[in-house]
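Asker: can't give you the sequence, but here's the structure:
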DNA sequence: GAAGGCATATGATCAAGATCATAAAGAACC
DNA sequence: GGTTCTTTATGATCTTGATCATATGCCTTC
């Protein structure tokens, strides 16, 4: 899996869910204006497209953003294991429940009007694990606004610039 | 259950999920600034707080916005039934999977920059089933901007004003 | 090493939504 | 009927983030 590779695109028929062995995959949707929106970032050990097990088509694009490898788990296998193994079933359901709550938290984050406060909340929530540009697309900000807000937070003393493109909570 | 009643608040210990028999309940979170954000609206027949089955505490407030009644389903009952009834288990899991996709779609909706386009998308997605004010809190707009955008869409001929506070797609 | 691409960074300008203010219609309550 | 509250609705002003422009550092690739 190389950077830029497309694992699947939205509206494609679902075949199963994926586990990231190494590298990084983002789930994103492309608006009518060509603007991309990051919905999820899966790194080593993470799963993605879990909800596809109950859907006929994928609802977003899966793009590799860091070379590595993934394993696919077929829909049928998941369903069969859910039937036969209650523990797996509960685990899988819990996984989705956690996602529901994460998305709710994310929607709440997006509702924060001020760019600075939004970024601070995002950093505190551990969203900022990649590039600033990536963070920006994740939290509905232009990357310029994102850089400026980070700069502002550093000026306020609420964050620290620890290197080029590297910031941390103070 | 009267209008304004609180079914539960965030951070309270979870006891189970709910089914709305009649009336309406909204799940909302209150920001540090006192601003409220609507995360979900459950009407007759709808469930809410499903994800709480796998969580120790509720992650938002449940407020009655229209008098009616609800039934509570205990966490333990859900878990037990999931163990013994694979069909129920799959159904419940599917419910959460659908929610995950709905939230993703909602996040995508929130990413639409233009107020008019965002509202149009929200109306097409069937979000506009209550008041304009309610819709506004649901899609991260001030209610003033919401009224104005609706007016603009009517002027454009893309929507129709069918009465005071009533609009429909043209 | 040269070239190209991407992330970083900042400045200037502009448009769009937030905010504040005001008012009228409708519903709820006494 | 009168009072109060909410929703609807619109106007004026202001802030803020989007957009456009530009430049540099870093990494990859040839």
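Answerer: On my side now, so go ahead. Just so it is clear, the structure is predicted and the values come from calculations on it, not from any experiment.
Asker: How about residue A:143: what's its closest non-neighbour residue?
Answerer: Excluding the flanking residues, the one nearest residue A:143 by Cβ to Cβ, 6 or more residues apart in numbering or on different chains is residue A:136, at 4.2 Å. The C-beta positions use only the backbone N, C-alpha and C, and glycine is treated the same way.
Asker: Can you give me every residue that contacts the one you found?
Answerer: For residue A:136, the contact set (Cβ atoms under 8 Å, 6 or more residues apart in numbering or on different chains) comprises A:142, A:143, A:145, A:146.
Asker: buried residues in stretch A:103-115?
Answerer: A:103, A:104, A:105, A:106, A:107, A:108, A:109, A:110, A:111, A:112, A:115 (16 or more other Cβ atoms under 10 Å in any protein chain shown).
Asker: Also stretch A:48-58?
Answerer: A:48, A:49, A:50, A:51, A:52, A:53, A:54, A:55, A:58.
Asker: Next: stretch A:70-87.
Answerer: A:70, A:73, A:75, A:78, A:79, A:82.
Asker: now these in CSV, with pLDDT and secondary structure?
Answerer: Formatted as CSV, those follow (pLDDT from 0 to 100; DSSP: H, G, I helix; E, B strand; the rest coil):
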residue, pLDDT, secondary structure
A:70, 92, strand
A:73, 93, strand
A:75, 92, helix
A:78, 90, helix
A:79, 89, helix
A:82, 88, helix
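Asker: What pLDDT is listed against residue A:4?
Answerer: Listed pLDDT for residue A:4 reads 83.
Asker: Share the number of residues neighbouring it, please.
Answerer: The number of residues packed near residue A:4 is 9, by other Cβ atoms under 10 Å in any protein chain shown.
Asker: need the contact list for it.
Answerer: Contacts of residue A:4 by Cβ under 8 Å, 6+ apart are A:63, A:64.
Asker: Where does it sit: helix, strand or coil?
Answerer: Three-state call for residue A:4 (DSSP: H, G, I helix; E, B strand; the rest coil): coil.
Asker: How much space separates the residue most central in space within chain A from chain B?
Answerer: In chain A, the C-alpha nearest the mean C-alpha coordinate belongs to residue A:40, at 1.6 Å (Cα atoms, centre = their mean). Separation of residue A:40 from chain B (Cβ to the nearest Cβ, to the nearest Å) stands at 8 Å.
Asker: wait, doesn't that residue sit right on residue A:47?
Answerer: No - checked against Cβ atoms under 8 Å, the pair residue A:40 and residue A:47 is beyond contact range at 10.0 Å.
Asker: lowest-pLDDT helix or strand in chain A?
Answerer: Least confident helix or strand, chain A: strand A:36-43 with a mean of 85, by mean pLDDT, DSSP states H and E.
Asker: low-confidence ranges in chain A?
Answerer: Scanning chain A for pLDDT under 70 picks out the ranges A:31-34.
Asker: Show me where it has its helices.
Answerer: Here chain A has its helices, by DSSP state H, at A:75-84, A:86-110, A:115-124, A:132-138, A:143-156.
Asker: between the buried residues of stretch A:70-87, which is closest to chain B?
Answerer: The closest of those to chain B turns out to be residue A:82 (Cβ to the nearest Cβ; 6.3 Å).
Asker: Many thanks, have a good one.
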